[in-house]
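[1] Would you be able to build a 3D model of this:
(2 chains)
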Amino acid sequence: MKIRTRFAPSPTGFMHVGNLRTALYEYLIAKHEDGTFVLRIEDTDQERYVEGATDVIYDTLKIAGLKHDEGPDIGGDFGPYVQSERLSLYKPYAEELVKTGHAYYCFCTKERLESLKESGATGYDRHCRTLSEQEISDNLAKGIPYVIRQKMPLEGETTYNDLVYGDITVPNEDLDDQVLLKADGFPTYNFANVIDDHTMGITHVVRGSEYLSSTPKYNELYRAFGWDIPTYVHLPLIMGKTVNEDGTETVSKLSKRHGSTGFMDLINDGFLPEAIINYIALLGWAPSDNREIFSLEELTEAFDIHGISKSPSVFDYDKLEWVNAEHIKAMDLDTFTMHAGRYYEKFGITSDKFELLDEILKPRITRFTQLEEKLSFLGELADYDVSLFEHKKSKSSIESSKTMLADAIPLLENTEWTREAITEALKKYAEDHEIKNSVIMWPVRIAAAGVAVTPGGCAEVLILLGKEESLRRIRIGLDKIKEL
RNA sequence: GGCCCCAUGGUCAAGCGGUUAAGACGGCGCCCUCUCACGGCGCAAUCAGGGGUUCGAGUCCCCUUGGGGUCACCA
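    Next comes the predicted model:
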């Protein structure tokens, strides 16, 4: 049988990386077996509707490259794919359960439920479970609002199997008579989920491990309807760290308070979609070999449910950063230029310099957003301090720099403006004067750039600035120190 | 608190009864070097504790401890 998985987010306007990883694994599990990946929007909470929230879901999946085969926007044979458009579907199922004795009407008021909770009760006390036929029809006739609750077995235990966690057993008495149909006629998430997964032919229910303990309740539903129970794949949670006031650290389910944890936040911080996907795939899953850098296609090929781990994992920005850098280093020139384009444009860099920039910048950035800072020396010459000319390891001092800059000016004026020629000329000078290359390279680079740290060396900096500007800056540098 | 789950370095993790307990990130050191990176080499750092089972346990069982999740007319 062909695998069918589904991603069923609720439109909250925010796509968490935890949710995205769930979507990713659902995608990979299906696609590894050439199965079908379905998108279903779970919007049964009318009070939490957020304008434009479904677009965030579409945009995220699109940018991440997780292409769904069926969904609200593209249709499919099992639609509609938005729960609010399937509302009429659920009530009959709930009523069927009442008829077959697997569910019952509950007329308890919110106030009663509230006081029950305050009295320290664990779950619903099943008050309406034993109402007589007469009481029920009377209440119904009087138009008293009601919900439909699931009738759970009161004794024994339920065991089910999960592909990641193995057999899980839960005492039935701990199973709450959960609400299936709310007073407004809307199904609860728990109910709609089961109905939809079954009617949409979902074979593998993949979700976070927070559902581990409520899964028996779902299974009771499948049993009551006489439906096959799907294959379960529960995923370990992604955690975030927070520092407490006393300095200790706490880890908990990743949420907004852990910083930039939304997919779009990460994108804005300069992380590449493919790097984020790559990294989160590795959070809770390990390939059979030691590989760490994957494209989505490679992940699809390599993914294996047996590689999923059980323990929660902490989201590590440092590792993400490294993965991002690896993806940048693996880029071809055109792709790199495409990402760097807005920064090149900002500094007025012409296309003849792209190849050189690509080469020197690639190994030096971990995110494209760093380009602004890396290229800033190409803008206005900074009013730097003369102490920059001193560098012990390069054997450069203010004193030596006076000579070097003074000699470099005529030397460079007569040098062809290519990387090789400049390097050659400077090295030749060093050789002729029996000094280390750095004695001349250092001050020239500093004078040209006006900052201590530059991407690339002396020759690269000079090329990027151009002959005229380079010489202008070197003269300024000389002026700064010659009277000292 | 009840129930469920988890437990290898700071982090991600390999391991699926016999290994000098991989690898990666991060950290540190060295090399390369005109700066910063990249790259190369190396170092430090892990089986939570206690009982069993076994010729042999990181691997299996139990307990303890620790961590997480969950207990809504939210999803």
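[2] rest of the way, CA atoms for contacts and neighbours
    OK.
[3] Output the set of residues of the stretch 301-450 of chain A in proximity to RNA strand B.
    Within the stretch 301-450 of chain A, the positions lying close to RNA strand B (C-alpha under 7 Å from any atom of the strand) are A:307-316, A:318-319, A:322, A:360, A:363-365, A:393-394, A:423, A:437-439, A:441-442, A:445.
[4] Which among those count as buried?
    A:308-309, A:312-315, A:360, A:364-365, A:394, A:423, A:437-439, A:441-442, A:445 (16 or more other C-alpha atoms under 10 Å).
[5] Out of the residues you listed, list just those in helices.
    A:Ile360, A:Thr423, A:Asn437, A:Ser438, A:Val439, A:Met441, A:Trp442, A:Arg445 (DSSP state H).
[6] closest to A:Arg86 among those?
    A:Ile360 (55.8 Å; C-alpha to C-alpha).
[7] tell me what the lowest-mean-pLDDT helix or strand in chain A is packed against?
    Sorted by mean pLDDT, DSSP states H and E, the helices and strands of chain A end with strand A:249-253, the least confident at a mean of 84. Strand A:249-253 sits against strand A:238-243, with contacts defined as 3 or more C-alpha pairs under 8 Å, 6 or more residues apart in numbering; DSSP states H and E.
[8] The strand it packs on: partners in the sheet, and parallel or antiparallel?
    strand A:249-253 (antiparallel), strand A:313-314 (parallel) (DSSP bridges).
[9] Of these, which stretch is the most buried?
    Burial of those is given as mean neighbour count (mean count of other C-alpha atoms under 10 Å); strand A:313-314 ranks first at a mean of 18.
[10] tell me the average confidence for that strand?
    Mean pLDDT, strand A:313-314: 96.
[11] The stretch 51-200 of chain A: helices as residue ranges?
    A:53-64, A:87-99, A:110-118, A:133-141, A:189-199 (DSSP state H, counting those that start in this stretch).
[12] Now do the least confident helix or strand of chain A: everything it contacts.
    A:Leu237, A:Ile238, A:Met239, A:Gly240, A:Lys241, A:Thr242, A:Val243, A:Asn244, A:Val314 (C-alpha atoms under 8 Å, 6 or more residues apart in numbering).
[13] which ones are touching the third one?
    Each residue near A:Met239 by C-alpha under 8 Å, 6+ apart is listed here: A:Val251, A:Ser252, A:Lys253, A:Leu254, A:Pro312, A:Ser313, A:Val314, A:Phe315.
[14] Need the distance between the two termini of stretch A:117-129.
    Start-to-end span of stretch A:117-129 (C-alpha to C-alpha, to the nearest Å) is 18 Å.
[15] List the buried residues of it.
    Buried-residue list, stretch A:117-129, by 16+ other C-alpha under 10 Å: A:Tyr124, A:Arg126, A:Cys128.
[16] Between those, which sits nearest A:Phe303?
    Of the buried residues of stretch A:117-129, the one sitting nearest to A:Phe303 (C-alpha to C-alpha) turns out to be A:Tyr124, at 41.8 Å.
[17] need the residues of the stretch 51-200 of chain A near RNA strand B, please.
    Residues of the stretch 51-200 of chain A lying near RNA strand B (C-alpha under 7 Å from any atom of the strand): A:107-110, A:113, A:117, A:122-123, A:145-147, A:165-171, A:174, A:176, A:178-179, A:181-184, A:187-190.
[18] Among those, name the buried ones.
    A:107-108, A:145-147, A:165, A:170, A:176, A:178-179, A:181, A:187-190.
[19] from those residues, which two are the most distant?
    Among these, A:Pro145 and A:Tyr165 lie farthest apart (C-alpha to C-alpha), at 40.3 Å.
[20] Would you mind confirming that A:Lys217 makes contact with A:Asn172?
    No. If you go by C-alpha atoms under 8 Å, A:Lys217 and A:Asn172 don't touch, sitting 9.1 Å apart.
[21] quick one: common contacting residues for these two?
    A:Met152.
[22] Give me the more crowded residue out of these two.
    A:Lys217 (23 against 17; other C-alpha atoms under 10 Å).
[23] what about that one, which helix or strand?
    A:Lys217 belongs to helix A:215-225 when assigned by DSSP states H and E.
[24] Could I get the buried residue list for that helix?
    Applying 16+ other C-alpha under 10 Å to helix A:215-225 flags A:Thr215, A:Pro216, A:Lys217, A:Tyr218, A:Asn219, A:Glu220, A:Leu221, A:Tyr222, A:Ala224 as buried.
[25] quick check, it touching RNA strand B?
    No. Helix A:215-225 does not reach RNA strand B (C-alpha under 7 Å from any atom of the strand); its nearest approach is 9.1 Å.
[26] Any chance you could list what contacts that helix?
    Taking C-alpha under 8 Å, 6+ apart as the rule, helix A:215-225 contacts A:97, A:102, A:152, A:158-160, A:170, A:175, A:190-191, A:194, A:228-229.
[27] and if you look at stretch A:158-173?
    A:152-157, A:213, A:216, A:231-235, A:305-306, A:308-310.
[28] Got a quick ChimeraX command for the buried subset of those residues?
    A single ChimeraX command selects the buried members of those (16+ other C-alpha under 10 Å):
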select /A:152,153,216,232,233,234,235,308,309
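[29] tell me the strands in chain A, going along the chain?
    A:4-7, A:36-39, A:103-106, A:147-150, A:157-162, A:166-171, A:179-181, A:204-208, A:231-235, A:238-243, A:249-253, A:313-314 (DSSP state E).
[30] mean pLDDT for those: which is lowest?
    For these, where the average pLDDT is lowest is strand A:249-253, sitting at a mean of 84.
[31] re the thing from before, what's the most distant pair in the contacts of strand A:249-253?
    A:Leu237 and A:Asn244 (21.0 Å).
[32] okay, the two: which has more neighbours?
    A:Leu237 (24 against 9).
[33] any idea how far that one lies from A:Gly307?
    Per C-alpha to C-alpha, A:Leu237 is found 15 Å from A:Gly307.
[34] again with A:Ser255
    25 Å.
[35] Give me the neighbour count for the nearest residue in space to A:Glu292 that is not next to it in sequence.
    With sequence-adjacent residues excluded and distances taken as C-alpha to C-alpha, 6 or more residues apart in numbering, A:Glu292 is closest to A:Leu282, at 7.6 Å. Number of residues near A:Leu282 (other C-alpha under 10 Å) recorded here: 20.
[36] Need the pLDDT of A:Leu282.
    pLDDT, A:Leu282: 97.
[37] cool, and A:Lys482?
    Looking at A:Lys482, its pLDDT reads 89.
[38] count of neighbours near the closest residue to it other than its chain neighbours?
    Leaving aside its sequence neighbours, A:Lys482 sits nearest to A:Lys402 (C-alpha to C-alpha, 6+ apart; 5.8 Å). Around A:Lys402 there are 21 other residues, counting by other C-alpha under 10 Å.
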